[in-house]
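Enquirer: model the structure of this input:
(chains A and B)
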Amino acid sequence: MATTLKPVDAVLVGFGWTGAIMGQQLCDAGLSVVALERGPWRDTATDFAAGFAQDELRYMWRHHLFQNLSYDTLTIRNNMDQEALPMRRLGSFLLGTGVGSGGVHWNGQIWRFLPTDFQTKSHNQQRYGKKSVADLTVQDWGITYDELEPFYDQFDQLCGTSGKAGNLQGKIQPGGNPFEGARANEYPTPPMAQTYGPTLFGKAAAELGRHPFPHPTGNMSQPYTNPLGAQMGACTYCGFCEKFGCGNYSKASPQTTVLPYLLRKSNFTLKTECEVLRVELTPDKQRATGVTYVNSAGEEFFQPAEMVILSAYVLQNVRLLLLSGIGKPYDPKTGEGVVGKNYAYQTMSSVNVFFDDKIINPFIGAGALATVIDDFNGDNFDHGGLGFIGGAYIAGMVTGGRPIEMIYTPQGTPAWGLEWKHAAAKNYLRSFSLSVHGSCMSARGNYLDLDPTYRDIHGRPMLRMTFDFTPNDHKMSDYLTDRAAELAKAMGPREIKLNRRIGPWSVVPYQTTHNTGGAIMGDNPANSVVNKYLQSWDVPNVFSMGAGAYPQNAGYNPTATLAALAYHSADAIKSQYLKAPGPLVRA
Amino acid sequence: MARKVNLDRRRFLVGSVAGVAGAAAAAIHDGELGAPPQTIHGSVPWKEGTADAPPGVSGSGYVFFTASEVAFIQAAVGRLIPNDPIGPGAVEANVPFFLDRQLAGPFGRGDHYYLGGPWPKGTPEQGYQSRFNPAQLYRAAIAEIDRYASAKLGSASFAALTAPDQDKFLKGLESGEITLEGSIDGKSFFAMLLQNTKEGYFSDPIYGGNKDMGAWKMIGFPGAHYDYKEWVSRHGERVPYPPVGFKGRPGWTES
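Expert: Numbers count the residues shown, from 1 in each chain, chains lettered A, B, ... in the order given. Next up is the predicted model:
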């Protein structure tokens, strides 16, 4: 029997980036807030101190900071004709857990989506005809870039993002990304210094008439103090960002940017090792009364709350919506229902570049240390006759030279034996990789629902993921990989190797942890789970944060957009909802 | 005596409080699962002496592998990464010892694997679908490989084959052309063995492999070096630092 706790104004379910942002925003508005995190407490000095942070085996391959699948996983399949089976070990994506969650072990790649990315359906229909999106279930977001811009800016200020503006208040700036939406302010800190590989990439790109610029990054180019008073140090380029915690307070994370401020507030409480089982609703399902959770000691509690903010990862938010009966589940056969609809991912490929005469030193790296071109992303280029929509950025990137994961060997090299060893010894210092970071368009058969067979340790159905890349994404990726190959060749290497996106989606090789959709936003309840303030259409005191809101995924890393959406939601809660709790958008 | 960085600070967690983690029929390990619930209010809950230092290994000799398994492992990893003047082989880098300690520990127990049933055969895209944890898979697969060598190749064991025949066998496992009895997925085992061998070869020496950081020296990786700021703009120059591990490096012991 659950013990009922003292009511609070807001309960946060999950405590990564969006939980930290909402906690800070709502506490500053004077609300009492409890955050429930199912994983452990984590801080820099204890959990990834500089003295032992650079441990490839422990963090990457033994998954020390990631979700432990023995405790919770999901089932996976490529299409509805298959039987979904459990993801028994991590591979394609590396789920976060614990305080800070994926915000601890991300790369710090901070991107805004393009203005046209928010109108995927109407924009492409208008420019390329109705047929261009006929086989897809893409939608407009119900929000525009201009509405989100101040909140993107707020996240940049929080993180101290290092970069160079390409479009300041409508004026194109030399050295930045000329394709980006207009930004009100320059980045808070200048771009990182570029190492040899990205520099060579930038030169080749410029020679081909492209528009290279430094990757915007949450890895600090210089010390920075953010508006909450949190201080970050300059990045040392140690090459252990992605999949690792930063021991140097140089990577923006909830720990480095929000927690030192938020944890001191008397109206904020964080509870770790507490897993929310479901959102409780009134009998008429019009209102949430709070959440039921169980802690690692096996004790069950009911936490009453005026507002429930789902701020866990995409996959957990969608699962909690389904388990709690909030919103109508999506049915791929009829196309009706919305919860679980439009699950999407990221379409990744790469090109390895091998030199004889140039020492790249790949171990000098950082999560977002790259020179990038955006010429072939979104609708920055004419798709006429190409047969696909969307695109990718192409980055000459050096996130690090971690040798178990990141030794590149030429085409045709076996995976083991003397020939492999010699290739590794010869090429390690003299190679690097161009990353092709592609969009992923939603389609009717790609969705999330509850598994009929497999259950978690609490007896709840696991989430079931049905996903494969669409012909649209394969065409996009092939076209973009060819563009990357042109750039690679222009760098004058001895040889290159293309790693195309081939065959069905597989859970085995690591791709990205950019899962999106399933709790999508839109302009009416028939096409979406939440409105543009991430408020549930069905239960208006429930808000669902994160990339679950994306109706499809653009060719960028998702974090800045989900952070901006959280700030946008918090702003509406503070300025409108608290005065008159109820739907912020009339259906 | 080597000068050591003292990393043996008390591990953050848990062992002793494991019993209270009633929710978890799941295992408790590694600072990730089953820590007691905490309520954090008013300050950052930093505690002295709780750093989550890496779980290095100690001792020598084998605690997981039997004698016949040692023979297989030494032969197999010696073919996956052979020794020559370019750099150490996996045996010379102490990979068999690394594998032994990994399989005797949380990894061997599949501490991060979901192993619950049912277990129908999946598609290749659905990845690992065995009910075995890694320790069970190694044990069962090595026995089946030796049985195959004896029944079909007339050899006493895999280790008793010639090097070219061992290579042929390993290629057969890798491609799936050789299938093992006893519902052992030979391809899946090969993939795990190769991955774990590279892990032992290139991971920090505290885990028992990468002896004398020989694999890092071979490729030019400086190891757990912390700060490259001064090298960022020195394009194309060779960084001259010898590799360093969490416990320092041999040069530090000479004075």
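Enquirer: in the stretch 51-200 of chain B, which spans are helices?
Expert: Assigned by DSSP state H, counting those that start in this stretch, the stretch 51-200 of chain B shows helices spanning B:67-80, B:95-104, B:134-153, B:163-175, B:186-202.
Enquirer: what about stretch B:105-121, distance to the chain center?
Expert: Relative to the chain's own centre, stretch B:105-121 is displaced by 16 Å; criterion: CA atoms, centre = their mean, to the nearest Å.
Enquirer: flag every buried residue along stretch B:85-99.
Expert: B:87-99 (16 or more other CB atoms under 10 Å in any protein chain shown). In short, each C-beta sits where N, CA and C put it, glycine included.
Enquirer: ok, those residues vs chain A, which is closest?
Expert: B:Gly87 (5.7 Å; CB to the nearest CB).
Enquirer: isn't the closest one up against B:Met213?
Expert: No: in this structure, B:Gly87 is not within contact of B:Met213 by CB atoms under 8 Å, at 11.1 Å.
Enquirer: residue boundaries of the strands in the stretch 101-250 of chain A?
Expert: Remark: strands assigned in the stretch 101-250 of chain A by DSSP state E, counting those that start in this stretch are A:167-168, A:171-172, A:213-214, A:224-225, A:231-232.
Enquirer: which elements pack onto the fourth one?
Expert: Helices and strands touching strand A:224-225, as assessed by 3 or more CB pairs under 8 Å, 6 or more residues apart in numbering or on different chains; DSSP states H and E, comprise strand A:231-232.
Enquirer: from chain A, how far off is the nearest residue to B:Lys187 once chain neighbours are set aside?
Expert: The shortest distance from B:Lys187 to any non-neighbouring residue, by CB to CB, 6 or more residues apart in numbering or on different chains, is to B:Gly176 (4.4 Å). According to CB to the nearest CB, to the nearest Å, B:Gly176 stands 14 Å off from chain A.
Enquirer: can I get the buried residues of stretch B:85-99 in CSV with distance to chain A and pLDDT?
Expert: Below are the buried residues of stretch B:85-99 laid out as CSV (distance: CB to the nearest CB, whole Å; pLDDT from 0 to 100):
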residue, distance to chain A, pLDDT
B:Gly87, 6, 98
B:Pro88, 9, 98
B:Gly89, 8, 98
B:Ala90, 9, 98
B:Val91, 13, 98
B:Glu92, 12, 98
B:Ala93, 11, 98
B:Asn94, 14, 98
B:Val95, 12, 98
B:Pro96, 16, 98
B:Phe97, 14, 98
B:Phe98, 9, 98
B:Leu99, 12, 98
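Enquirer: returning to that earlier point: A:Arg501 is nearest to which of the strands of the stretch 101-250 of chain A?
Expert: strand A:213-214 (24.7 Å; CB to CB).
Enquirer: quick one: average confidence on the closest one?
Expert: For strand A:213-214, mean pLDDT rounds to 98.
Enquirer: likewise stretch B:170-184?
Expert: Stretch B:170-184 comes out at a mean pLDDT of 94.
Enquirer: so how far is it from its chain's centroid?
Expert: Per CA atoms, centre = their mean, the centroid offset for stretch B:170-184 relative to its chain is 22 Å.
Enquirer: what do you get for stretch A:476-486?
Expert: On CA atoms, centre = their mean, the centre of stretch A:476-486 falls 23 Å from the chain's centre.
Enquirer: how about stretch B:161-173?
Expert: Distance, centroid of stretch B:161-173 to centroid of chain: 22 Å (CA atoms, centre = their mean).
Enquirer: count of residues packed around the residue nearest to B:Lys187?
Expert: Neighbour count of B:Gly176, defined by other CB atoms under 10 Å in any protein chain shown: 13.
Enquirer: I'd say it and B:Ala191 touch.
Expert: No: B:Gly176 lies out of contact with B:Ala191 (CB under 8 Å); the separation is 10.5 Å.
Enquirer: show the pLDDT at B:Pro250.
Expert: pLDDT at B:Pro250 comes out at 74.
Enquirer: and A:Leu114, what pLDDT?
Expert: With respect to pLDDT, A:Leu114 has a value of 98.
Enquirer: and B:Lys229, by the same measure?
Expert: We note a pLDDT of 96 for B:Lys229 in this prediction.
Enquirer: quick one: residues contacting the nearest residue to it once chain neighbours are set aside.
Expert: Leaving out its chain neighbours, the residue that sits closest to B:Lys229 by CB to CB, 6+ apart is A:Thr236, at 5.6 Å. By CB atoms under 8 Å, 6 or more residues apart in numbering or on different chains, the residues touching A:Thr236 are A:Asn248, A:Ser250, B:Tyr226, B:Asp227, B:Tyr228, B:Lys229.
Enquirer: would you mind checking those for buried ones?
Expert: A:Asn248, A:Ser250, B:Tyr226, B:Tyr228.
Enquirer: and of these, the nearest to B:Gly208?
Expert: Nearest to B:Gly208 among those, with distances taken as CB to CB, is B:Tyr226, at 23.0 Å.
Enquirer: report the separation between that closest one and B:Pro242.
Expert: 15 Å (CB to CB, to the nearest Å).
Enquirer: ok, A:Leu136 next?
Expert: 54 Å.
Enquirer: neighbour count winner among these two?
Expert: Neighbour totals were compared for A:Leu136 and B:Pro242, and A:Leu136 leads with 24 against 13 (other CB under 10 Å).
Enquirer: how about the nearest residue to the more buried one, chain neighbours excluded?
Expert: The nearest residue in space to A:Leu136 (CB to CB, 6+ apart) is A:Met441, at 4.9 Å.
Enquirer: what number of residues are in the vicinity of that neighbour?
Expert: 28.
Enquirer: test my guess that it contacts A:Asn124.
Expert: No: the pair A:Met441 / A:Asn124 is not scored as a contact, 9.6 Å apart, by CB under 8 Å.
Enquirer: joint contacts of the two?
Expert: By CB under 8 Å, 6+ apart, the residues touching both A:Met441 and A:Asn124 are A:Val138, A:Ile389.
Enquirer: next one, pLDDT for the residue of chain A found nearest chain B please.
Expert: Residue nearest to chain B within chain A: A:Gly298 (3.1 Å; CB to the nearest CB). For A:Gly298, the pLDDT comes out at 93.
Enquirer: which residues of chain B fall in strands?
Expert: Remark: strands assigned in chain B by DSSP state E are B:38-40.
Enquirer: is chain A within reach of the worst-scoring helix or strand of it on mean pLDDT?
Expert: Across the helices and strands of chain B, the lowest-confidence element by mean pLDDT, DSSP states H and E is strand B:38-40, at a mean of 94. Yes: counting by CB under 8 Å from any CB of the partner chain, chain A has neighbours in strand B:38-40: B:Gln38, B:Thr39, B:Ile40.
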